[in-house]
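Colleague: Let me see the structure of the following:
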Amino acid sequence: MAAPILSYENLGLVQGEGWLFTDLDVYVGPRDRLALIGRNGAGKTTLLKCLAGLIDPDKGKRTIVPGTRVVLLEQDPAIGRDGSLLDWVLAGDDAPQHYEAAAIADQIGIDLDRPAATASGGERRRAAIVRALAQAPDVLLLDEPTNHLDLGAIEWLEQYLGRFTGAFIVISHDRTFLKRLTKSCIWLDRGSLRRAEIGFGGFDAWTEAVYEEEARAAEKLDAKLALELRWLERGVTARRRRNQGRLTKLHEMRAQRAAMLGGPGAAKLALAKDDVKSKAVIEADHVAKSFGDRTVIRDFSLRIQRGDRIGLVGPNGAGKTTLLKLLTGEIEPDSGKVTRAKTLAGIIIDQQRKLMDPAKSVREVLTQGGDWIDVRGHRKHIKGYLKEFLFDPAISEAPVGSLSGGERSRLLLAREFAREANLLVLDEPTNDLDLETLDLLQEVIADYEGTVLLVSHDRDFLDRTVTITLGLDGSGKVDVVAGGYDDWEKRRQPLQTKAAPKPKVRAPVENHSAPKTKLSYKDQRDLDRLPGEVERIEREIAETEKSLHDPDIYARDPDKFASLTAHLATLRADKDQAEERWLEVAAMAEELADAKP
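Modeller: Predicted structure coming up:
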């Protein structure tokens, strides 16, 4: 391991009546790619601010190699409303050079001359990224960098960080982002910090091994403590395993919906059976919507059934919010018709996270001061309900203002999910949530008996949650795909470089040669060999997972455990790559077969 360029030893910080964390040792090497993981309220953001030198802790020694530039990309930077975004980017002693900021702004797709007062959340986030990256940091501290970014900007940031020559620590709820970029994990849990030299792909296996070890230790303690530890640690593991069963059910539902949908992008449903019609809650028939000369939605048709979970994806400005409003009746189409069931009653949790009164207690927000809450027809005690949403029951008397941003979002979800409704509308629900809360949200949506409309840029969350994806590219066309984000991505046409405000990507090279009549040697070889290659990798994955299921492996040989989890992450990435290539050449072969007279 290279000598650290930034470190904190015996770091401790008091919050309220006790330590938020204490005796933490943090070391950052010159090329580290670290995922910082922990529950909302664990102190992740505070830890980054300590590393950046913005907070003086109650104890600890910060060491930094002279000349090392540390830059923090805050989750909610104080941009203000005066002047332009460029004025903010270039303000302060540590401001970047104008030409450097302009170059990065051009790549990520942001007009820095826009007045800060009228800038959207996505534009403000892009401006903050420009300011951070243009300072040429040696250590980059990223706090939820993908919040408010569309898919194109997220992919651009992934590519930039993949080429970044310095070190970075990132807090993110975006599993795909973390899996693609990180090489090591630091886990802030109950006031202590653990580190493993594995990428995020191995995080779940690592933490489950730690939980297993703690559970065995808890058996030697008194019964009450053992019970509390079981709820705290083992509950996470159990939830993940239950969600594997839910994923199996989700794939079955996708297969059923795929059988009912027509060809790619047609968005037509088989209408032969009356029982299918009776389940419909929203039906769009040749719907179109324009604003001025721009067509946002063109000739869109879809029958949404009770229990469907619909994901809307696409770049900012592509029309996701417009389509959502058309489906829910907030606006009317210019042509076509949207029919909704008379019994449809919905609740909307939007990305603005309307502020709850910070002076009110958690109890008042959930139960108006009582001990019981009605959860969609079932009466539950507030303390038990708080546990379901990963809160310590003792938090019931705490004021909302004392909660972290992520905890407030989780409390909002707890309140809204308790209401009676058969339609749930979620606009960017994953912002500010920790990974465990995302697991919980996946579970709640999977068990929800009504219909869900979900707008999100979180690729992994969409893959785990939705049955149908509506993909918008800004042209007015809406692709309807049975499945999640990955299924839509495989269906998409090559990216167009002129689609704004997406980052610049290399344009596909035009081929003016004669039409192909058969696969190339390489393509045919891949088509023949990849099915066997995928099977081989799957067998190796199963063998590696079997080794990791040994409950004593982490305590007996931590190096072997780290090696196995890293190898498992590599195998899964290899499998994904092989499957994608297999699908690519199979589609090419199918197209050539269809083209033959």
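Colleague: longest helix of the protein?
Modeller: Ordering each helix of the chain by length in residues (DSSP state H) puts helix 558-595 first.
Colleague: ok now that helix, how far from the chain's centre?
Modeller: Average the C-alpha atoms of helix 558-595, do the same for its chain, and the two points are 21 Å apart (Cα atoms, centre = their mean, to the nearest Å).
Colleague: and what of stretch 154-165?
Modeller: 17 Å.
Colleague: in the stretch 401-550 of the chain, which spans are strands?
Modeller: Remark: strands assigned in the stretch 401-550 of the chain by DSSP state E, counting those that start in this stretch are 423-427, 451-455, 468-472, 478-482.
Colleague: which of those strands sits most buried?
Modeller: strand 468-472 (a mean of 25; mean count of other Cβ atoms under 10 Å). In short, each C-beta sits where N, CA and C put it, glycine included.
Colleague: what element comes up after the helix-or-strand element of the chain with minimal mean pLDDT heading to the C-terminus?
Modeller: In the chain, no helix or strand scores lower on mean pLDDT, DSSP states H and E than helix 274-278, which sits at a mean of 42. For helix 274-278, the following helix or strand on the C-terminal side (DSSP states H and E) is strand 280-291.
Colleague: That next one to strand 451-455, inter-axis angle?
Modeller: 30 degrees (axes from the mean of the first three to the mean of the last three Cα atoms, to 10 degrees).
Colleague: Next secondary structure after strand 280-291?
Modeller: Next element after strand 280-291 (DSSP H and E): strand 294-305.
Colleague: got a list of contacts for the helix or strand that comes right after that following strand?
Modeller: Using DSSP H and E, the helix or strand that directly follows strand 294-305 along the chain is strand 309-313. If you take Cβ atoms under 8 Å, 6 or more residues apart in numbering as the criterion, strand 309-313 is touched by 151, 304, 320, 323-324, 445, 451-457, 462, 465-472, 484-485, 488.
Colleague: ok, now how distant is residue 123 from residue 367?
Modeller: To residue 367, residue 123 is 39 Å away according to Cβ to Cβ, to the nearest Å.
Colleague: one step back: is it possible to get a markdown table of the strands of the stretch 401-550 of the chain that adds distance to residue 308 and mean pLDDT?
Modeller: Putting those into a markdown table (distance: least, Cβ to Cβ, whole Å; pLDDT from 0 to 100) gives the following:
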| stretch | distance to residue 308 | mean pLDDT |
| --- | --- | --- |
| strand 423-427 | 10 | 87 |
| strand 451-455 | 5 | 91 |
| strand 468-472 | 6 | 92 |
| strand 478-482 | 10 | 90 |
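Colleague: Looking at those strands, which is nearest to residue 156?
Modeller: Of all the strands of the stretch 401-550 of the chain, the one in closest proximity to residue 156, counting by Cβ to Cβ, is strand 468-472 (18.7 Å).
Colleague: so what strands line up beside that closest one?
Modeller: strand 309-313 (parallel), strand 478-482 (antiparallel) (DSSP bridges).
Colleague: quick one: average confidence on the first one?
Modeller: For strand 309-313, mean pLDDT is 93.
Colleague: Please apply the same query to stretch 366-379.
Modeller: Averaged across stretch 366-379, pLDDT comes to 85.
Colleague: residues of that stretch that come out buried?
Modeller: By 16 or more other Cβ atoms under 10 Å, the buried positions in stretch 366-379 come out as 366, 367, 373, 375.
Colleague: ok, now stretch 407-416?
Modeller: Buried, per 16+ other Cβ under 10 Å, within stretch 407-416: 407, 408, 409, 410, 411, 412, 413, 414, 415.
Colleague: Quick check: end-to-end length of stretch 157-172?
Modeller: 13 Å (Cα to Cα, to the nearest Å).
Colleague: Not counting sequence-adjacent ones, nearest residue to residue 247?
Modeller: residue 464 (6.4 Å; Cβ to Cβ, 6 or more residues apart in numbering).
Colleague: Please apply the same query to residue 86.
Modeller: residue 112 (3.8 Å).
Colleague: give me the low-pLDDT residue ranges for the protein?
Modeller: 1, 217-245, 262-278, 350-355, 493-517, 549-552, 554-555, 590, 593-597 (pLDDT under 70).
Colleague: hang on, the earlier thing: can you put the buried residues of stretch 366-379 in CSV and add distance to residue 480 and secondary structure?
Modeller: Below are the buried residues of stretch 366-379 laid out as CSV (distance: Cβ to Cβ, whole Å; DSSP: H, G, I helix; E, B strand; the rest coil):
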residue, distance to residue 480, secondary structure
366, 38, helix
367, 41, helix
373, 37, strand
375, 33, strand
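Colleague: Most widely separated two among these?
Modeller: Most distant of the buried residues of stretch 366-379, by Cβ to Cβ, are 367 and 375, 10.8 Å apart.
Colleague: Report the set of residues contacting both of these two.
Modeller: What both residue 367 and residue 375 touch, as defined by Cβ under 8 Å, 6+ apart, is an empty set.
Colleague: Next up, the contacts around residue 296.
Modeller: By Cβ under 8 Å, 6+ apart, the contact set of residue 296 is 289, 290, 319, 322, 323, 476.
Colleague: Not including adjacent chain positions, what is the nearest residue to residue 487?
Modeller: residue 481 (5.1 Å).
Colleague: isn't that neighbour right next to residue 488, touching?
Modeller: Yes. Contact criterion Cβ atoms under 8 Å: residue 481 and residue 488 qualify, at 4.7 Å.
Colleague: Find residues that contact each of the two.
Modeller: Joint contacts of residue 481 and residue 488 (Cβ under 8 Å, 6+ apart) are 469, 471.
Colleague: which residues of the stretch 1-150 of the chain fall in strands?
Modeller: 6-15, 18-28, 33-37, 59-64, 70-73, 139-143.
Colleague: Columns distance to residue 127 on top of the buried residues of stretch 366-379, output as TSV?
Modeller: Output for those, formatted as TSV (distance: Cβ to Cβ, whole Å):
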residue	distance to residue 127
366	37
367	41
373	41
375	41
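Colleague: Can you tell me which of those is nearest residue 298?
Modeller: residue 375 (40.8 Å).
Colleague: Who are the contact partners of that closest one?
Modeller: 385, 417, 418.
Colleague: With residue 449 as the reference, measure out to the residue nearest to the last one when sequence neighbours are not counted.
Modeller: Take residue 418 and drop its neighbours on the chain: the residue closest to it by Cβ to Cβ, 6+ apart is residue 375, 4.5 Å away. Residue 375 sits 13 Å away from residue 449 when distances are taken as Cβ to Cβ.
Colleague: repeat for residue 531
Modeller: Distance of residue 531 to residue 449, given as Cβ to Cβ: 39 Å.
Colleague: between these two, which one's more packed in?
Modeller: residue 531 (13 against 8; other Cβ atoms under 10 Å).
Colleague: The more buried one contacts residue 581, doesn't it?
Modeller: No. Using Cβ under 8 Å, residue 531 makes no contact with residue 581, being 11.3 Å away.
Colleague: can I see the domain layout of the protein?
Modeller: The chain breaks down by automatic domain parsing into domains covering 6-205, 221-345+422-428+451-506, 351-421, 511-595.
Colleague: Counting neighbours, what do you get for residue 338?
Modeller: Residue 338 has 18 neighbours, counted by other Cβ under 10 Å.
Colleague: partners of it in the sheet?
Modeller: Residues in beta-bridge contact with residue 338 (DSSP bridges): residue 284.
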